[in-house]
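Peer 1: Fold the following for me, if possible:
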Amino acid sequence: MAGTTAPSSRNVEVLLVHDVENLGKRGDIVKVKPGYARNYLLPQGKATVATQHNKRMVEKHREKLAALEVSRIKQLQKVADAVSKYSATIEAHATADNHLYGSVVARDISEALKAAGHAVEAEHVRLEGPIKELGMYTVKLKFHEKVQSEVKVWVVPSATSG
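Peer 2: Predicted coordinates for the structure are as follows:
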């Protein structure tokens, strides 16, 4: 009886070289029908046969990426710790009753922190809305899911405010 093979032998394991919609992401090892692998995935260069060597290479690559991510998180944590001990001062034109003519936004805070030597991008700054009055604000910073901090921001009248 030719058709009584075990179900697991009907599928082949392939290592995805590129993301394949509804199948998996690059680096995933997936089981597919032999015809799908033979007629589409392999000829299109979207996958390769999942040999033991390839599986080991993928695992080493994942370990290397994980180590890089740990290193990146440590670096971001250093930036977050340094920024949390700093307070930025931003000058803005304001009316006599402390309302700003414009507003202070994430980009302004990022530029003030960069000028002080802190690598903070505008997308790291989490404002609930633009700052429209003079005063002291505690602004949240999110560098990564695991790395968050706060910085004190002083919005003061510029020397030329009337």
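Peer 1: middle-most residue in the chain, spatially?
Peer 2: residue 144 (6.2 Å; C-alpha atoms, centre = their mean).
Peer 1: Tell me how far that one lies from residue 63.
Peer 2: Distance, residue 144 to residue 63, by C-beta to C-beta, to the nearest Å: 20 Å. C-beta coordinates here come from the backbone N, C-alpha and C atoms, glycine included.
Peer 1: Show me the domain layout of the chain.
Peer 2: Using automatic domain parsing, the domain parsing of the chain gives 9-76, 87-157.
Peer 1: Present these as JSON lines; the columns should include mean pLDDT.
Peer 2: Shown next, in JSON lines, are those (pLDDT from 0 to 100):
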{"stretch": "domain 9-76", "mean pLDDT": "91"}
{"stretch": "domain 87-157", "mean pLDDT": "92"}
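Peer 1: And residue 23, its phi and psi?
Peer 2: Note on residue 23: its backbone torsions stand at phi -130, psi -50 [degrees, to the nearest 10].
Peer 1: Out of the domains of the chain, which is the most enclosed?
Peer 2: Among the domains of the chain, ranked by average contacts under mean count of other C-beta atoms under 10 Å, first place goes to domain 87-157 (a mean of 16).
Peer 1: Between the two ends of that one, how far is it?
Peer 2: 16 Å (C-alpha to C-alpha, to the nearest Å).
Peer 1: One more: stretch 120-132?
Peer 2: Stretch 120-132 has an end-to-end distance of 22 Å (C-alpha to C-alpha).
Peer 1: Stretch 110-121 now?
Peer 2: Where stretch 110-121 begins and where it ends lie 5 Å apart, using C-alpha to C-alpha.
Peer 1: Please enumerate the helices of the protein.
Peer 2: Secondary structure of the chain (DSSP state H): helices at 34-36, 52-84, 106-115.
Peer 1: So which of those helices is nearest residue 149?
Peer 2: Proximity to residue 149, assessed across the helices of the chain by C-beta to C-beta, is greatest for helix 52-84 (3.7 Å).
Peer 1: quick one on the thing from earlier: redo the helices of the chain as CSV? Include distance to residue 139.
Peer 2: As requested, those are exported to CSV (distance: least, C-beta to C-beta, whole Å):
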stretch, distance to residue 139
helix 34-36, 51
helix 52-84, 10
helix 106-115, 6
